[in-house]
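>>> I would like to see how this sequence folds:
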Amino acid sequence: MGAAPASRDVTSYGMGLAAPLALFFLLFFVAPLLQLLWLSLHNDTAGLHWGLGQYLHFLTDPFSLGVLGSTLLLGAEVTAVCLLLGFPIAWLYQRVGPKLQTIIILIVLLPLLTSVVVRTFAWIVILGRQGIVNATLQSLGIIDTPLKLLYTQFGVVIALAQVQMPLMTLPLITALGRIDPNLDDASCSLGAGSWRTFFRIVLPLSLPGVIAGCTLTYAAAITAFITQSLIGGGQMLFMPMYLYQQASTLQNWPFAAAISIIFLLAVLAVVSVFTTLGRLSRGYGGA
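Have a look, this model is predicted:
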């Protein structure tokens, strides 16, 4: 009988501690989101007519759908590059000594210690027509004229991959660190080669880290307004800049709000897919 009041006291105490966070969440996330949704239901900038006109405008406009598709594709490309480069780094981290591990983790965390604006301008210098890449290739005689690397899809992907690399590498390091090293030895002793061991043991057991890294990297890459704008320039348009143009330049706030809601739903859909894959991978890895 005495356990029930004690349990209620603990629950009340926990709710009291969570109340400030819940209030903060309601005031600075839920309330602005509801206001954004309310604004998107205006069919005109004056707010005199209500309806779904802004959503129909976006969904029936080939240009707007093209911008959304390009943004989602950009996120997939950046995520793929980060995964291909981040997995070997995480694998190497687990197989070197403590001193080299410190160096690797410092290199991985270095982008997080530098302002995103500074990193982006550094990539402008590197990818420019007179930048380090073109100057090196010309000095080696590989090219005669500078390559166009800046203001291209390739340049945006490379710059974003470097910026978002820690978001991919850190979850992979954690996932690979949880794998028992004896499994590799057991696989090799049973006659499996290195590649077979990797695909049958290491990769399945590291899938939760892969899914977590892909989720973080994808969400961060498609919303990276500064890097997309500076590296892509005026020749490439993605959803964050499209939203900014509608809100600040054209003062079309209802359409900008509709763009925000549609973009949010698209990102949530992709994240939901990653979350589902993560649950399946945990079951697969556990099996």
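>>> could I get stretch 252-270 in PDB with only the CA atoms?
What follows is stretch 252-270, C-alpha atoms only, in PDB (Å, rounded to 0.1, in the frame of the first residue of the first chain):
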ATOM      1  CA  ASN A 252       5.300  36.400 -50.200                       C
ATOM      2  CA  TRP A 253       5.000  35.100 -46.600                       C
ATOM      3  CA  PRO A 254       2.100  32.700 -47.100                       C
ATOM      4  CA  PHE A 255       3.900  30.900 -50.000                       C
ATOM      5  CA  ALA A 256       7.100  30.900 -47.900                       C
ATOM      6  CA  ALA A 257       5.200  29.300 -45.000                       C
ATOM      7  CA  ALA A 258       3.800  26.700 -47.300                       C
ATOM      8  CA  ILE A 259       7.300  25.900 -48.600                       C
ATOM      9  CA  SER A 260       8.400  25.500 -45.000                       C
ATOM     10  CA  ILE A 261       5.600  23.100 -44.200                       C
ATOM     11  CA  ILE A 262       6.200  21.000 -47.300                       C
ATOM     12  CA  PHE A 263       9.900  21.000 -46.800                       C
ATOM     13  CA  LEU A 264       9.400  19.900 -43.200                       C
ATOM     14  CA  LEU A 265       7.100  17.100 -44.200                       C
ATOM     15  CA  ALA A 266       9.600  15.900 -46.800                       C
ATOM     16  CA  VAL A 267      12.500  15.900 -44.300                       C
ATOM     17  CA  LEU A 268      10.300  14.100 -41.700                       C
ATOM     18  CA  ALA A 269       9.400  11.500 -44.400                       C
ATOM     19  CA  VAL A 270      13.000  10.800 -45.100                       C
END
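>>> how far off centre is it?
From the chain centre to the centre of stretch 252-270 is a distance of 17 Å (Cα atoms, centre = their mean, to the nearest Å).
>>> again, but for stretch 103-119
16 Å.
>>> start to end distance for that stretch?
20 Å (Cα to Cα, to the nearest Å).
>>> show me where the stretch 101-250 of the chain has its helices.
Assigned by DSSP state H, counting those that start in this stretch, the helices in the stretch 101-250 of the chain fall at 116-127, 132-139, 153-177, 182-189, 194-197, 203-222, 225-232, 239-244.
>>> any chance of the ones you listed in TSV, plus mean neighbour count, mean pLDDT and distance to residue 27?
Quick note: C-beta positions are derived from backbone N, CA and C, even for glycine. As requested, the helices of the stretch 101-250 of the chain are exported to TSV (neighbours: other Cβ atoms under 10 Å; pLDDT from 0 to 100; distance: least, Cβ to Cβ, whole Å):
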stretch	mean neighbour count	mean pLDDT	distance to residue 27
helix 116-127	16	88	27
helix 132-139	14	87	47
helix 153-177	22	92	28
helix 182-189	13	79	49
helix 194-197	12	80	52
helix 203-222	22	90	23
helix 225-232	20	89	24
helix 239-244	19	92	23
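>>> nearest to residue 98, of these?
Nearest to residue 98 among those is helix 153-177 (13.2 Å), distances taken as Cβ to Cβ.
>>> just checking, what packs against the closest one?
helix 62-93, helix 98-109, helix 116-127, helix 203-222, helix 225-232 (3 or more Cβ pairs under 8 Å, 6 or more residues apart in numbering; DSSP states H and E).
>>> nearest to residue 264, of those?
Nearest of the helices and strands packed on helix 153-177 to residue 264, taken as Cβ to Cβ: helix 203-222 at 10.9 Å.
>>> show me what that closest one is packed against.
Right, helix 203-222 is packed against helix 62-93, helix 153-177, helix 253-286 by 3+ Cβ pairs under 8 Å, 6+ apart.
>>> most tightly surrounded among these?
Neighbour counts (mean count of other Cβ atoms under 10 Å) averaged over each of the helices and strands packed on helix 203-222 peak at helix 153-177, with a mean of 22.
>>> by how many degrees do that helix and helix 98-109 diverge?
Angle, helix 153-177 to helix 98-109, by axes from the mean of the first three to the mean of the last three Cα atoms, to 10 degrees: 140 degrees.
>>> just the angle between helix 153-177 and helix 132-139, please?
110 degrees.
>>> so residue 165 touches residue 111, yeah?
Yes. Residue 165 lies in contact with residue 111 (Cβ atoms under 8 Å); the separation is 6.3 Å.
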